[in-house]
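1. have a look at this prediction, sequence included:
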Amino acid sequence: MKDFHELKVWQKAHALTLAVYQITANFPRQEKYGLTSQLRRASSSIPANLAEGCGRNGDAEFVRFSSIAAGSASELEYHLLLACDLKLITREDHVELSQRTTELKRMLNVLMRRLKPDA
C-alpha cells in the first residue's frame, strides 16, 4: 500500500481539481447540475482514482485505477473546451487548465508504464 499524498501526479491532480472548483464557482446558476458538475466530477475523479489505486493490493490494480484517472483527464479536457466555447471560462484559463491536464496525462502514462510488469 502506497501513500498517495507522496505521489507528484496526485499532488498536481489535486491542485488542478482545486483550480477547477475555483473557476466553476463563477459559472451561472443554471449550470450547477450541468457543466459545473461535469467539470468538478471529472477533475476530482483523477486524484480520487489515484488515491484508491494506492490503497489496493498490487501494481496491476494501481495501473487499472491510473487508467481510469487518465480517462477522467481526457473527459476534463473536453469539458474545459466546451466551457471555453460557451464563454464560461476565458481562453487564457482554458489554455492554462488544458496544459495542466495534458501534463497530468503524460505523468499518468509514465506511471502506468513503470508499474506494468512487461514494461
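-> In hand now; what should we look at? Numbering: from 1, shown residues only.
2. ranges for the strands of this protein?
-> For the chain, no strands turn up when DSSP state E is the criterion.
3. low-confidence regions, it specifically.
-> For the chain, the stretches with pLDDT under 70 are 1, 117-119.
4. which parts of it are helices?
-> For the chain, the helices defined by DSSP state H cover 8-24, 35-55, 59-85, 91-115.
5. how about the contacts made by the residue lying closest to residue 77 once chain neighbours are set aside?
-> Leaving aside its sequence neighbours, residue 77 sits nearest to residue 101 (C-beta to C-beta, 6 or more residues apart in numbering; 5.2 Å). In short, each C-beta sits where N, CA and C put it, glycine included. Applying C-beta atoms under 8 Å, 6 or more residues apart in numbering, we find residue 101 in contact with 16, 73, 76, 77, 80.
6. circling back to that earlier point, for the helices of the chain, which one sits closest to residue 2?
-> Checking the helices of the chain against residue 2 by C-beta to C-beta gives helix 35-55 as the closest, at 4.3 Å.
7. chain center to stretch 6-15: distance?
-> 10 Å (C-alpha atoms, centre = their mean, to the nearest Å).
8. in it, what counts as buried?
-> Residues of stretch 6-15 classed as buried by neighbour count (16 or more other C-beta atoms under 10 Å): 7, 9, 10, 12, 13, 14.
9. check stretch 93-101 too.
-> So, applying 16+ other C-beta under 10 Å, buried residues of stretch 93-101: 94, 97, 100, 101.
10. same thing with stretch 52-60?
-> 52, 53, 54, 59.
11. quick one: the third one from residue 28, how far?
-> Put plainly, it is residue 54. 37 Å (C-beta to C-beta, to the nearest Å).
12. likewise the first one?
-> With distances taken as C-beta to C-beta, residue 52 is found 32 Å from residue 28.
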